[in-house]
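Trainee: One predicted model, sequence on top.
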Amino acid sequence: MINLKDIVVKFGDFTALHDINIEVKEGEFFTFLGPSGCGKTTTLRTITGFIEPAEGSVIMKGEDITHVPIEKRNIGIVFQSYALFPTMTVYDNIAFGLKIKKLKKDEIDKKVRDIAKKVDLTDDQLQKAVSQLSGGQQQRVAIARALVTEPAIICLDEPLSNLDAKLRVQLRNELKKMQKDFGITSIYVTHDQEEALTLSDRIAVFNKGFIEQIGNPNEIYNHSATEFVCNFIGDINRLEDATVEELNKRGAKLDPKKHHYIRLERIHVNSKDENMEKFDGTVESMEYYGLYIKYTIRLATQTVKVIEKNDGSTPFGVGDNVSIAFLVSNIMSYVPQKGATDAE
Amino acid sequence: MLNEKRFDSGKLLHLLGGFFFAYLFFGFMLLPCLNTLTSIFTVKTASGEADPWAVIRFFLSGSMKTFVWNSLKLALCLVVTVNVVGISIVLLTEYFDIKGAGILRMGYMTTLIYSGVALVTGYMFLYDSDGIITTLLINSFPDMNPNWFSGFRAVLFTMTFACTSNHMLFLRNAIRGIDYNTVEAARNMGANPFKVLWKVVFPTLIPTMFSLTVMTFITGLCAMSAPTLLGYDSINPEIVRLAGSSVADESFPQARAALLSIILATFTIVLLTILSSYERKGHYLSVSKTKAKLQKQKINNPVANVLAHIYAYVLFVIYMTPVVMIIIFSFQTYSAIRLKTIDFSKWTLVNFIGQQDYEYLTARGTYKTRVGSISGVFSNADTLGGIKMSFIFSAVAAILAAVIVVVACTYIFKHKKKGIALEYSLLFPWLLPTILICYSYRVYFNSSEVWYVFGNNLYYGPNVRFLIIMAYTVVKLPFSLRMIKAAFYAIDEELEDAAKNLGASALVTFLKVKLPIILPSVLAVVALNFNALFTEYDMSATFASTYGTSYAMVIQAMCLEEGLYGYNVNASGRRCASTVFIMIVSGLILYLVYGVGARDLGERLIARDKRRKRIARIKALFGKKTDEVLA
């Protein structure tokens, strides 16, 4: 559907994107994930045409669109700020692109009302000013405006980041449902890993202008390709050298030159599983989340964070003596990567 | 192919734009003013020899210094009096809990709707040797000096109350922006309201007060209408007098005028440099995230409370008397005005509209009738001509300035680095007193040797109208730029991207997306500029051409020729009516700008709904009535 081939983007002396290669398939929900300043928005803006790459090409449906002007690309975009025109009504905002295309009045009206119905905007709301709508309604207007011209692709640049936590989760679900219903190829930019994991078919993780990994959510989370990815996605424990040494004494065969990690939910407290390696420790602190409880446990060699489902058993208190257990096969190992651990 | 073509038309547009702005800057700002500067040093003695230092010597030895000292004296005194009155009225209406603050505020704000010549003539009408109030006072105190209102005292008194508009606009905003939680915190720690005022409130107002002080000082230095009308020898009236004088009457008047205007410009430049370097240091901004709205402070000491109330209402009376008297007397007959007494039995509209004949006794003992010598503002050819002239000049200049600045701003925001030169060139007139610009135009373009206007003498005959419009436009560029640039900042860059993404070209994006956003500000700038220019006196008086007699010049003339030989019998009444007309126009403009213009689309839609409902209700009511009638 859309192909980025060896894209390089430079701002003066600064190279913002190095050799970006991505292929997004028809109907796919594809996410660019990464910390701020990693190049994900730059990549998106290269696709929409706001930025012209120094090298490489953008291919859409087999056609090279690298130098096609923005307005001729037929790629919709929903901006972080929604960028709704404040001097126009909701109706005029949605109709803007159709008017530019010089469609007939009744055709515009039909299309606007159709799309408004699909994104749950009432006729009454269509006549309002943008400022009279709530954040969630504004987002739906932005989506309707981007979709009404029937673009081949829709790009979403952190569209949920201006909303409060609850609305964010709610709209995230609505967004996914809408994408399914419309069946439109979507490219989504976010720095929120939870959003990326729940929404995407595939994710590209960006770091400092490079792509670290492309894969589906499970691959990204459970088989992080690089140290940066495993640190950026989810919470994780780095095993310190003393712990690694202890594990190797028990026959684990971990390469001491590498960095070793294990996810919080792969460690269990007071487990009786025979296959797991066990360490004794004391509970240093507990954070109560309701759905789960996060413990910080001091071992002889280091402290680790552990998550336990709040399943009705009595929680451990600070100072309790416990043991932790995990499978060596759940340890992820990486050749050390500079700057990988300060991602968060 | 397509891209190349676009590139070329863009380049052509840039070239044309660059040429236009260069022409404007060099042709109508820099060269005329440089000419003024050099004319000081190209003086020739009576024998025709060049004597570059003649004017300077003349200045150092002669009486010319007096004008500079007088202006400085006025400026310094005004800084004190205007700040005292300005700060008082803002505190009395916004900080302290004074009964009737709403009405007081209206009174204090009247200077926003009438100023300049209209205001000065209003004050003269009251306080002149035969003014209403002076007459009243002399009836009670026969020993009083009837000429108390003249010269320095009169100018200081008038300008003290006339120049508080900026305080009412900016200091009021500053005080309303104070975080009330800081006041509460100070009260909580045991400070009384006056202590809070001094230790917490004032320090946050210092930047604004500093700016206001500099602005007041410049206003004092550049004062024109008050000294001219009330007779005070300050710089500007002297420049205008010298500009119209000839070598036959006195030595090198033009070069002296040039020197005086350069002195004025130097003062202005120094002061503005101080101001901007101070502003660049940054302001005390509130650090709180949520600001609490300021609540009025009650004065607990009963004596202080009563004194504050008395002070507030005395100021109110001073502000309101001219306004009320002018409104009343604009509906009075010429005889009532001449006797300075209100005749409650006779009201007339003749000062506004219509004509009457005037019968008077000649020296021969016969009665003579002057046909139509009593006439209203809108029935008097001269006044109407002035209104028409000022209306056209101000409207054209206000629109021109706005268009130039909008075009400049689109460039400035696209080319941040190259735009700086353009921005500074448009701010240039801010450094120069308006009188210097007008004087320079008058002298420089009064010649058929200016090649870039194709050798036309722009001061000659009706050409001067073009020159006045150019002067009006150039003078209003800096203010327009500051205001419209602020509006451009409000355009989210993503909006432009969004429009382009939806298929709009650069031109469509500008017309449909950007322009509607900045339009309220642009219209506000046009309206405010029009408002200021419509009643301006300083500039048109400097040009002093019969082809460019502005409205304010007509009003000023009405003071001089009242009732001579049975002509212009109701000049004073017409002047009052003129001022009422100005107040209505200005009030309307301010209402449109700050009342209607400040609403966003949402507020406008709500207002429209309300209006529709109201109309529907009225229709329903009438529908019912007709039904009842039919039944």
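Mentor: Good, I have the coordinates.
Trainee: now stretch A:71-78: how far from the chain's centre is it?
Mentor: Using Cα atoms, centre = their mean, to the nearest Å, we find the averaged C-alpha position of stretch A:71-78 to lie 22 Å away from the chain's own average C-alpha position.
Trainee: what are the C-alpha coordinates of that stretch, in CSV please?
Mentor: The C-alpha trace of stretch A:71-78 is given here as CSV (Å, rounded to 0.1, in the frame of the first residue of the first chain):
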residue,chain,number,x,y,z
GLU,A,71,-2.7,18.7,-1.7
LYS,A,72,-2.4,16.1,-4.5
ARG,A,73,-1.5,13.1,-2.3
ASN,A,74,-4.9,12.0,-1.1
ILE,A,75,-3.6,11.2,2.4
GLY,A,76,-5.8,12.3,5.3
ILE,A,77,-4.4,13.5,8.5
VAL,A,78,-5.7,14.1,12.1
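Trainee: buried ones in that stretch?
Mentor: A:71, A:73, A:75, A:76, A:77, A:78 (16 or more other Cβ atoms under 10 Å in any protein chain shown). Using the backbone N, CA and C atoms, a C-beta is placed for each residue, glycine as well.
Trainee: same check, this time on stretch B:360-373
Mentor: Judged by neighbour count (16+ other Cβ under 10 Å), stretch B:360-373 contains these buried residues: B:370, B:373.
Trainee: In JSON lines: the buried residues of stretch A:71-78, plus pLDDT and secondary structure.
Mentor: Formatted as JSON lines, the entries for the buried residues of stretch A:71-78 read as follows, by pLDDT from 0 to 100; DSSP: H, G, I helix; E, B strand; the rest coil:
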{"residue": "A:71", "pLDDT": "81", "secondary structure": "helix"}
{"residue": "A:73", "pLDDT": "86", "secondary structure": "coil"}
{"residue": "A:75", "pLDDT": "90", "secondary structure": "strand"}
{"residue": "A:76", "pLDDT": "89", "secondary structure": "strand"}
{"residue": "A:77", "pLDDT": "90", "secondary structure": "strand"}
{"residue": "A:78", "pLDDT": "90", "secondary structure": "strand"}
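Trainee: For the stretch 101-250 of chain A, which segments count as strands?
Mentor: Taking DSSP state E, counting those that start in this stretch to define them, one finds strands in the stretch 101-250 of chain A at A:153-157, A:185-190, A:202-207, A:210-215, A:236-239.
Trainee: okay but residue A:326 is in contact with residue A:266, surely?
Mentor: Yes: using Cβ atoms under 8 Å as the test, residue A:326 is close enough to residue A:266 to be in contact (5.5 Å).
Trainee: For these two, work out which one has more neighbours and name it.
Mentor: The neighbour comparison of residue A:326 against residue A:266 (other Cβ atoms under 10 Å in any protein chain shown) goes to residue A:326, with 24 against 20.
Trainee: That one pairs with what?
Mentor: Beta-bridge pairing of residue A:326, defined through DSSP bridges, involves residue A:277.
Trainee: For it, give its distance to residue A:267.
Mentor: When Cβ to Cβ, to the nearest Å is applied, the distance between residue A:326 and residue A:267 equals 5 Å.
Trainee: now residue B:279
Mentor: When distances are taken as Cβ to Cβ, residue B:279 and residue A:267 turn out to be 59 Å apart.
Trainee: So these two - more neighbours on which side?
Mentor: For residue B:279 versus residue A:267, neighbours defined as other Cβ under 10 Å are more numerous around residue A:267 (23 against 13).
Trainee: Ramachandran angles for that one?
Mentor: The main-chain torsion angles of residue A:267 are listed as degrees, to the nearest 10 and equal phi -100, psi 140.
Trainee: Residue A:308 is in contact with that one, correct?
Mentor: No: the pair residue A:267 and residue A:308 fails to qualify as a contact (Cβ under 8 Å) at a distance of 9.2 Å.
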